[in-house]
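[1] no sequence on hand, only this structure:
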């Protein structure tokens, strides 16, 4: 039996995923979370072996998002594994989730058989990536234009209109470090301005469209 937690802020989405999963007698949903903070709390309260796998969305209301929740859950003593289940497939989202410790990354429009297979793989500690995500990572592997997860974070905040100082505060970086990241971003994307960098990154799928 694989015990699951669903972490998604939409009750209707959670209900649909629950119904899909529990059609398999080997899967049981033992907890649901509507916020990233609730997911962390429930994972911590579940104790040793109470939850085997968390299906985590990336987007939640408020400051705390799915990637950071994944990082905190994976830092717990004997933590459950995490499978990201989301609508977002940018490089920034994928890299952020994997670097946070997610065992897999699946899109919400995946067919039921693909979701069930990914759940079993992730629960067993194996990597479970959607075919589209695997292809994206393979195509980008080694590409000079590819941004690191941190560079994508910086550029995402640039796209929101944040100043270097504000970006530094949000990411706990010095202004000098933010400027250094921007230099690398401009070089990789072959652009000369913040606006052009945002436009090029969105064109490449490196950050989310506005």
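    Yes, it's here. In this text the structure is predicted, and so the values were computed from the model without any measurement.
[2] helix or strand right after the worst-scoring helix or strand of the chain on mean pLDDT?
    Least confident helix or strand of the chain, by mean pLDDT, DSSP states H and E, is helix 131-140 with a mean of 69. Counting by DSSP states H and E, the next helix or strand C-terminal to helix 131-140 is helix 149-159.
[3] quick one: that following helix to chain centroid distance?
    A distance of 14 Å separates the centroid of the chain from that of helix 149-159, by CA atoms, centre = their mean, to the nearest Å.
[4] contact partners of the longest helix along the chain?
    What stands out as the longest helix in the chain, according to DSSP state H, is helix 175-189. Outside helix 175-189, the residues within contact range by CB atoms under 8 Å, 6 or more residues apart in numbering are 144-147, 150-151, 154-155, 158, 164-165, 167-168, 171, 173, 192-194, 196-197, 200-201, 204. Just so you know, the C-beta spots here come from the backbone N, C-alpha and C atoms, and that holds for glycine as well.
[5] which element follows that helix toward the C-terminus?
    Following helix 175-189 in sequence, per DSSP H and E, is helix 194-204.
[6] where's that following helix relative to the chain centroid, distance-wise?
    21 Å.
[7] buried ones in that helix?
    Neighbour counts over helix 194-204 (16 or more other CB atoms under 10 Å) mark 194, 197-198, 200-202, 204 as buried.
[8] before we move on, what about stretch 119-127?
    Neighbour count says stretch 119-127 has 119-123 buried, by 16+ other CB under 10 Å.
[9] now swap in stretch 78-92 and tell me
    Buried residues in stretch 78-92, counted by 16+ other CB under 10 Å: 79-86, 88, 90-92.
[10] quick check, nearest of those to residue 8?
    Of all the buried residues of stretch 78-92, residue 85 has the smallest distance to residue 8: 7.6 Å, by CB to CB.
[11] which ones are touching that closest one?
    Residue 85 neighbours (CB under 8 Å, 6+ apart): 8, 17, 55-57, 106-108, 115.
[12] show me the beta-bridge partners of it.
    residue 106 (DSSP bridges).
[13] circling back: quick one: which of the contacts of residue 85 is most hemmed in?
    When neighbours are taken as other CB atoms under 10 Å, the top entry among those is residue 56 (29 neighbours).
[14] residues contacting it?
    The contact partners of residue 56, by CB under 8 Å, 6+ apart, come to 7, 39, 66, 69-70, 82-86, 102.
[15] tell me the one of those residues nearest residue 1?
    For the contacts of residue 56, the nearest to residue 1 is residue 83 (16.7 Å; CB to CB).
[16] would you confirm that the closest one contacts residue 57?
    No. Contact criterion CB atoms under 8 Å: residue 83 and residue 57 do not qualify, at 10.8 Å.
[17] in the chain, which residue is closest to the centre?
    Centroid check for the chain by CA atoms, centre = their mean gives residue 97 as the closest residue, at 3.5 Å.
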